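> I would like to see how this sequence folds:
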Amino acid sequence: MASLLLPSPQLPRLANLLTSSILLHLLIALLLLSLAYRVHRWHKLCHVPGPFLAGWTSLWLTRGFISYKVYEDMHALTKKYGPVVRVAPNKVIINNIDSIYRITSARSEYKKSDWYLLARVMPGADNLLSMRDPKLRAKRLRHVLPAFSGKNQDDFEPAVDKTISTLLDLIDTKYLSSPSQHRLMNLAQKSHFYTLDSFGEIAYSQSFGSLDTDSDVLGIVKTGDATFPLLSAVHNHHKIFQTIQKWPFYYLLPRKGDKVGFGRVFGLALEIVNKRSREVGEEGVDKKRDMLQSMMDNGLEGDELRSEVAMSFFVGSDTVASAIRMTMLLLMTHPTVYRRLQEQIDDAAEKGKISRPVTNDEAKRHLPYMQAVIQESLRLFPPSSIVPFFKEVPETGDTVDGYYLPKGTTIGTGCVMWSMNRDEDFWGPDANLFRPERWLEANEERRAEMERCVDLIFGSGKFVCAGKKIAFMQMYKLFPELLRGYNWSLPDPLRLPTIDNPTIWDIHGLMVRIEKR
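Residues are numbered from 1 along each chain as shown. So this is what the prediction gives:
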């Protein structure tokens, strides 16, 4: 009888078999659910053309971002499949000017996808770029837009003139070459110093001291250089970034007390805002008439104000620096264009049409070829060629260029700029050539079409870049001073610098020789 109460030797084995069977069935069930989910996700956009793998996994698109060549991938895809292409299970790109203008129009029901949260440089505080809620963004615009448009403040130009003067002094004292002396200057670096310092003067009435010290004194350039490759890697996996912004990973993020990196930027934003707040209450201190004061006068304060200041260090300098360095490289590698532009500047100066320094208005009225050069450079090398700027399809879905896109689909409107601006059907067989003359040869109607295409680089409608006016002014005032005062050349034309685009165009080894004219 006692033996009947003892466990059978077969029972443990039977229990193990049952456990293994249950786990196996659970595993099979999970695999089937995963497969069903993937099939359902694939089916939602199966009617949209694109690479086979892109319909099943995001890794195909991730590869393009990590290689820094996603803009070339998008160009190849639109040439093969047409204006609407599926590039990930729930992502498409649109390569149609009219469609992008409709999607981004002021009355469009499209809104920013959660990809835009990558632009939240201060944890827990949105800036104008990262803000997704249309109503909150419209409210923030009322605080911020007057500062960028120049309303209620002094003209921007004296601040830019001051920075250009500092740059020219640096060249004259440290980087001039002569027949008997050979000196080289890193133009990629100095162009960034210029945009950073000039924006500091415009926005906060203080230079950041990069040109004065000839160094990245605040580490902002270094921070951007280290961050952009990381951003490129997470463009297609932005939810990872959202996760690390939450507890407990939050404590691993940069903080305002840090001495380097983004933490240093946060601290600098806090210093600038606190300093201005103290000055406003002090007797005998003249009230500043800059962008910061405009935002404060329009009711922006606290973390909202600090977040806008922190973001401006990058948005306000990197993209314009990219445009300047690419334009100068194109000029130095196209001597006919270089000479024609220099001759136009010289002629305008000789006839008294432009002053020294040139004003923004003079550049617009009397230097049409320079404007053509800048437009052509922006066309060929849009500063943010790799950035997707994903928009979210409305709840009701939408039909774009004949393809129905259900809710939950996101549309990349940024990383197609390279493709749109090199489309031979629109620009002609010389679409890949740097030929500023095309802007002067075009009649008024054709030129308007061309400008409409290139202008999408700055966004449009409710997604337009607030700093567009400042960006063009920084370029219009700089190039005449660089070309009428100096001759620029590459020290070894047979060894061109290397170019890549981790988020903006970066030229490695852009060393230049400068001689006084």
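> Now the helix or strand encompassing residue 438: average pLDDT?
Following DSSP states H and E, one finds residue 438 within helix 437-441. Within the predicted structure, the mean pLDDT of helix 437-441 is 98.
> Name the residues that touch it?
Contacts to helix 437-441, defined as C-beta atoms under 8 Å, 6 or more residues apart in numbering, come from residues 368-369, 371-372, 375-376, 427-428, 430, 447, 450. C-beta here means a position set from N, CA and C on the backbone, and glycine is covered the same way.
> Leaving out the residues flanking it, which one is nearest to residue 305?
Spatial nearest neighbour of residue 305, excluding adjacent residues (C-beta to C-beta, 6 or more residues apart in numbering): residue 273 at 5.7 Å.
> neighbours of the one you found, just the number please.
In terms of burial, residue 273 registers 23 neighbours under the definition other C-beta atoms under 10 Å.
> Give me the phi and psi angles of it.
For residue 273, the backbone dihedrals (degrees, to the nearest 10) come out as phi -70, psi -40.
> swap in residue 87?
Per degrees, to the nearest 10, the residue geometry at residue 87, taken as phi and psi, is phi -120, psi -10.
> and the gap between it and residue 54?
As defined by C-beta to C-beta, to the nearest Å, residue 87 lies at a distance of 5 Å from residue 54.
> Give me the common contacts of those two.
In the contact map built from C-beta under 8 Å, 6+ apart, the residues linked to both residue 87 and residue 54 are 60-61.
> quick revisit: can you give me the distance of the residue nearest to residue 305 to residue 108?
From residue 273 over to residue 108 the distance is 34 Å, taken as C-beta to C-beta.
> Next, name the residue at the spatial heart of this structure.
residue 384 (4.3 Å; C-alpha atoms, centre = their mean).
> Make sure it is indeed in a helix.
No - counting by DSSP: H, G, I helix; E, B strand; the rest coil, residue 384 falls outside a helix, being coil.
> so it sits right up against residue 318, yeah?
No - counting by C-beta atoms under 8 Å, no contact exists between residue 384 and residue 318, whose distance comes to 9.2 Å.
> hang on, the earlier thing: and of the contacts of helix 437-441, the nearest to residue 478?
residue 371 (13.3 Å; C-beta to C-beta).
> Point out the other helices and strands that the helix or strand hosting that closest one packs with.
Per DSSP H and E: residue 371 is located in helix 368-380. For helix 368-380, the helices and strands in contact under the criterion 3 or more C-beta pairs under 8 Å, 6 or more residues apart in numbering; DSSP states H and E are helix 318-332, helix 335-350, helix 360-366, helix 437-441, helix 444-454, helix 468-485.
> Take these and lay them out in JSON lines including distance to residue 295.
Shown next, in JSON lines, are the helices and strands packed on helix 368-380 (distance: least, C-beta to C-beta, whole Å):
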{"stretch": "helix 318-332", "distance to residue 295": "20"}
{"stretch": "helix 335-350", "distance to residue 295": "36"}
{"stretch": "helix 360-366", "distance to residue 295": "22"}
{"stretch": "helix 437-441", "distance to residue 295": "35"}
{"stretch": "helix 444-454", "distance to residue 295": "29"}
{"stretch": "helix 468-485", "distance to residue 295": "14"}
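> Could you point out which of the ones you listed sits nearest residue 93?
Counting by C-beta to C-beta, and looking across all of the helices and strands packed on helix 368-380, nearest comes helix 444-454 at 15.8 Å.
> Off-centre distance for the closest one?
For helix 444-454, the distance from its own C-alpha centre to the chain's C-alpha centre is 23 Å (C-alpha atoms, centre = their mean, to the nearest Å).
> list the helices and strands that helix packs on?
Contacts of helix 444-454 with other secondary structure elements, assessed using 3+ C-beta pairs under 8 Å, 6+ apart, are made with helix 97-103, helix 368-380, helix 437-441.
> residues making contact with that helix?
With contacts defined as C-beta under 8 Å, 6+ apart, helix 444-454 is touched by 97, 101, 375, 378-379, 420-421, 426-427, 438-439, 442.
> and the residues you listed, which are buried?
Burial by neighbour count, 16 or more other C-beta atoms under 10 Å: within the contacts of helix 444-454 this picks out 97, 101, 375, 378-379, 420-421, 427, 438-439.
> now, which of those residues sits nearest residue 41?
When the buried ones among the contacts of helix 444-454 are compared for distance to residue 41 (C-beta to C-beta), residue 420 comes out closest, at 28.0 Å.
> Would you enumerate the residues in contact with the closest one?
By C-beta under 8 Å, 6+ apart, residue 420 lies in contact with 95, 97, 426, 453, 456.
> again with residue 303
Taking C-beta under 8 Å, 6+ apart as the definition of contact, the neighbours of residue 303 are 122, 124-125.
> neighbour-wise, which of these leads?
When neighbours are counted as other C-beta under 10 Å, the busiest of those turns out to be residue 122, with 24 neighbours.
> Now for residue 87, how many residues are close by?
The burial metric for residue 87, expressed as a neighbour count using other C-beta under 10 Å, is 25.
> Report the contact partners of it.
If a contact means C-beta under 8 Å, 6+ apart, then residue 87 has 50-51, 54, 60-61, 74, 77, 93, 412 as its contacts.
> sorry, back to before: now, the most widely separated pair of the contacts of residue 420?
The two members of the contacts of residue 420 with the most space between them (C-beta to C-beta) are 426 and 456, at 12.2 Å.
> one step back: if we only consider the buried ones among the contacts of helix 444-454, which is nearest to residue 167?
Once C-beta to C-beta is applied, the member of those that ends up nearest residue 167 is residue 378, at 21.4 Å.
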